[in-house]
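Novice: Pasting the sequence and the predicted coordinates here, then a few questions.
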Amino acid sequence: MRSGVLFLVTLLSACSLAKFDRFPGVRSNEIPDKFQGYYKQIVSEKLLDKEDSTGLRIGNIWWEIVKPSGTTRTYMGDSVILSQYKGQYFISVTNSYVKYWYVFVAEPDENGAITSRPIVANGRKFPLRKYLERLHVNDSAIIYKMNEEQLLKYYVKVVRKHPGIKIKKVSE
């Protein structure tokens with residue numbers, strides 16, 4: 001799964017994923033009960049001509065991608081962190097080659113679904129630079145200084161308006 005997460009980050013970085021100097025909020029040592037279970041992605045009928053057989057099983061300190069070809073399990077650790085700030089959950093990802101964090105918001109709903117949205121740098125009307133300070137670094141990357149209050153404002157005004165990736169709990 002770590003390679004799967006890194007692939008996702010690489011793919012999404014083409015969509016201007018923001019890079020941060022640290023992860024937001026307080027790190028969780030365990031995944032909350034409300035997130036644990038077996039999930040399937042909710043996909044529009046227009047985009048999918050047959051049922052997707054891939055699933056996501058989330059445990060207390062791990063998650064696994066379940067495919068007909070096999071299952072890949074990943075444990076929370078130093079490169080993938082679940083954190084929380086003011087009731088909002090964040091999944092932050094880094095790797096040994098990148099010393100900065102990519103941040104995704106994970107938002108559960110009352111129906112057992114979770115919507116995940118990446119924090120992107122360029123909103124149409126409100127770019128991230130209007131909310132967060134940019135750090136000066138030696139390489140050519142643009143890095144934002146983490147400020148949870150401003151990040152939440154940006155999320156509500158810009159990011160939350162996009163559909164994101166939605167998964168629905170199908171069993172415990």
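Specialist: Right, received. Where do you want to start?

Novice: CA atoms for contacts and neighbours, from now on please.
Specialist: Will do.

Novice: residue boundaries of the helices in the chain?
Specialist: 2-13, 148-157 (DSSP state H).

Novice: Pick out the shakiest of these, pLDDT-wise.
Specialist: Comparing mean pLDDT over the helices of the chain, the weakest stretch is helix 2-13, at a mean of 43.

Novice: Show me where this structure has its strands.
Specialist: Applying DSSP state E to the chain gives strands spanning 19-20, 26-27, 37-41, 55-58, 62-67, 70-75, 80-85, 88-95, 98-108, 113-118, 134-135, 143-144, 165-171.

Novice: Return the list of helices and strands in contact with the fourth one.
Specialist: The one in question is strand 55-58. Contacting strand 55-58 under the criterion 3 or more CA pairs under 8 Å, 6 or more residues apart in numbering; DSSP states H and E are the following elements: strand 37-41, strand 62-67.

Novice: One more: the fifth one?
Specialist: Using 3+ CA pairs under 8 Å, 6+ apart as the contact criterion, the neighbours of strand 62-67 among helices and strands are strand 55-58, strand 70-75.

Novice: Any chance of JSON lines for the ones you listed, columns mean neighbour count, distance to residue 159 and mean pLDDT?
Specialist: Converted to JSON lines, the helices and strands packed on strand 62-67 look like this (neighbours: other CA atoms under 10 Å; distance: least, CA to CA, whole Å; pLDDT from 0 to 100):
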{"stretch": "strand 55-58", "mean neighbour count": "21", "distance to residue 159": "23", "mean pLDDT": "89"}
{"stretch": "strand 70-75", "mean neighbour count": "14", "distance to residue 159": "27", "mean pLDDT": "86"}
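
Novice: This completes my enquiry, with thanks.
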